[in-house]
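> The following block contains a protein sequence and its predicted model.
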Amino acid sequence: MNNFQYHNPTRILFGKGEIASITSLIPPSSKVMMVYGGGSIFKNGVYEQTKKALKGFDVIEFGGIEANPRYETCMRAVEQIKTQNVTFLLAVGGGSVLDGTKFMALATKYTGADPWDFMLGKTATPNSALPLASIMTLPATGSEMNANFVISRDSTQEKFGGYSDLIRPQFSVIDPMTTTTLPIRQTANGVVDSFVHTMEQYATFPNNGPLQDRQAEAVLATLVEEGPKAMQAPEDYDVRANLCWCSTQALNGVISCGMPQDWSTHDIGHELTALYGIDHARTLAIVLPGVWRFFINEKKEKLAQYGKRVLGLNGSVEECASQAIQKTEEFFESLGIPTHLKDYGINASDAARMVSDRFKSRNRPGFGERGLITPEVIYKIIESRA
Ligand code: NZQ
Ligand code: ZN
């Protein structure tokens, strides 16, 4: 097991009616900006509950954060934060709203010319940020209890992730009731995103982390059991609660303590969203089986372990690894998520060329758990997903 540090200060308020609890957690003299998306919170009672909990606070609202939050929109919010002297940011919605809010918290404090430079790694990420918290209405990203954010820039068709311990939410409300209004597509996306987050930290190579392995397998097995139930019975509170807690656990850093990590499926998938606008989770369902088949020899022990322990497969390491990939693809398809580029009307050779050229132009060293993902490998992986 590798050395690690783990510190996660986010308070989780989990369960029905917990939005009301935020009143005592925001500093009383705060000027609050309530940030939300395209309007889902007006349809499921979340807006009213939040406004009620914020009674007595000085609150302004900023709506219209897009799925795959745009830099351009976030920068408009930053202007308002500065001119109106906002001191606390409250994100209310899905991962996009929260990621946009995390970026705003840092961009407000940025002293350089253009905050996009820190997303590109050209300048350092700011060393201070506005405090923030979230009311999370979509179990998928784990953003409610992590230090990551992913921002897209329209003008350059780019999508990049950032990381800063300064933007971990002070608290996050997870009320599973709020997720019962999710469209089936977003429910399925959430299951697949959480599943792939777990796999990015698990499907690498054995590293003497039997506890972390079993923690990850517990998340995977629960998603495989509960995901289909949510598709059948969207209003089942218990199923929703289990999916919510899975997605938080999948990406709050616990399962990756001391373990190697991959993240190549995400990095390649972000390019497919940036170029073609495919939902984040759907890009993962396309790319993951390609990464696994390409690196089956390097990943076979963990894939076979997953196959045996989570999917109940029997056979040799090679047989179980290969079947595990096939079964995972079938799992994604069973949730209504197509796993091939042709299903999205995309020519695989064109996509392979465009995405691998982008990585070539960035001169990024090989990545993935063994540093083996190069532009040439990316080309082959995407081409294999025709
Ligand atoms: O915008 P509104 O009207 O709120 O509607 C949203 C949006 O259309 C809707 N929605 C959210 N909660 C709802 C609801 N509709 C009905 N009932 C509810 N309770 O769902 C749509 C999608 O929302 P979005 O926030 O975009 O989805 P998600 O939470 O999957 O976030 C995706 C973004 O997160 C990034 C992705 O790259 C993508 O940009 N990620 C962030 C990560 C992180 N911070 O750690 C990790 C992930 O790998 C991921 O990359
Ligand atoms: Zn993801």
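Arrived safely. Ligands and ions are numbered 1, 2, ... in the order given.
> okay, now the nearest residue in space to N148 that is not next to it in sequence: neighbour count?
Nearest non-adjacent residue to N148, counting by CB to CB, 6 or more residues apart in numbering: Y163, 5.6 Å away. Heads up, the C-betas are built off the backbone N, CA and C, glycines and all. Neighbour count for Y163, taken as other CB atoms under 10 Å: 11.
> Y163 and T125: what is the separation?
8 Å (CB to CB, to the nearest Å).
> show me the contacts for T108.
By CB atoms under 8 Å, 6 or more residues apart in numbering, the residues touching T108 are V78, I81, K82, A129, L130.
> switch the cut-off to 6 Å
Residues counted as contacts of T108 (CB atoms under 6 Å, 6 or more residues apart in numbering) are V78, I81, L130.
> Doesn't the last one belong to a strand?
No. Note on L130: no strand contains this position according to DSSP: H, G, I helix; E, B strand; the rest coil, which reports coil.
> didn't it look like it was pressed against A105?
Yes. Contact criterion CB atoms under 6 Å: L130 and A105 qualify, at 4.3 Å.
> Can you pick out the residue with more neighbours from the two?
A105 (25 against 21).
> these two touch, right, the more buried one and A133?
No. Between A105 and A133 there is no contact under CB under 6 Å: 10.5 Å.
> and for L130 and A105, which residues touch both?
Common neighbours of L130 and A105 (criterion: CB under 6 Å, 6+ apart): L89.
> got the residue ranges for the strands in the chain?
11-14, 31-36, 58-62, 88-93, 132-136, 148-153, 158-163, 171-174 (DSSP state E).
> contacts for the fourth one?
For strand 88-93, contacts defined as CB under 6 Å, 6+ apart pick out 26, 30, 32-37, 41, 50, 97-98, 101, 105, 130-135, 137.
> swap in the fifth one?
Applying CB under 6 Å, 6+ apart, the external contacts of strand 132-136 come out as 19, 89-92, 98, 101, 105, 144, 169-174.
> What of the last one?
Contact partners of strand 171-174, identified using CB under 6 Å, 6+ apart, comprise 10-14, 18-19, 25, 133-136, 144, 244.
> how about a cut-off of 7 Å?
In this structure, residues lying in contact with strand 171-174 by CB atoms under 7 Å, 6 or more residues apart in numbering are 10-14, 18-19, 22, 25, 133-136, 144-145, 244, 248.
> How about that strand and ligand 1, any contact?
No. On the criterion CB under 6 Å from any ligand atom, strand 171-174 is out of touch with ligand 1, staying 11.3 Å away.
> What strands flank that strand, and is each parallel or antiparallel?
Applying DSSP bridges to the sheet, strand 171-174 is found paired with strand 11-14 (parallel), strand 132-136 (parallel).
> In the first one, which residues are buried?
Neighbour counts over strand 11-14 (16 or more other CB atoms under 10 Å) mark I12, L13 as buried.
> who's I373 bridged to?
I373 forms beta bridges with F367, as assigned by DSSP bridges.
> dump the residue contacts of it.
By CB under 7 Å, 6+ apart, the contact set of I373 is S264, G366, F367.
> Recalculate using a threshold of 10 Å.
Applying CB atoms under 10 Å, 6 or more residues apart in numbering, we find I373 in contact with 262-265, 267-268, 291, 294-295, 359, 364-367, 381.
> Relative to I381, how far out is it?
8 Å.
> Overlap of the contact sets of these two?
Here I373 and I381 share the contacting residues S264, T265, I268, V291, F294, F295, scored by CB under 10 Å, 6+ apart.
> didn't the second one look like it was pressed against K299?
Going back to what we said before, that points to T265. No. Counting by CB atoms under 10 Å, T265 stays clear of K299, with 11.8 Å between them.
> between those two, what contacts are shared?
Shared contacts of T265 and K299 (CB under 10 Å, 6+ apart): M199, A203, V291, W292, G368.
> which one of these sits closest to F331?
Distance to F331 across the shared contacts of T265 and K299 (CB to CB) is lowest for M199, with 11.5 Å.
> So what's the residue count around the residue nearest to that closest one when sequence neighbours are not counted?
In space, and not counting its chain neighbours, M199 is closest to L288: 6.7 Å by CB to CB, 6+ apart. If you count neighbours by other CB under 10 Å, L288 ends up with 29.
> ok now do L288, which residues does it touch?
Taking CB under 10 Å, 6+ apart, we find L288 in contact with 192, 195-196, 199-200, 203, 262, 264-266, 268-269, 325, 328-329, 332, 339, 381, 385.
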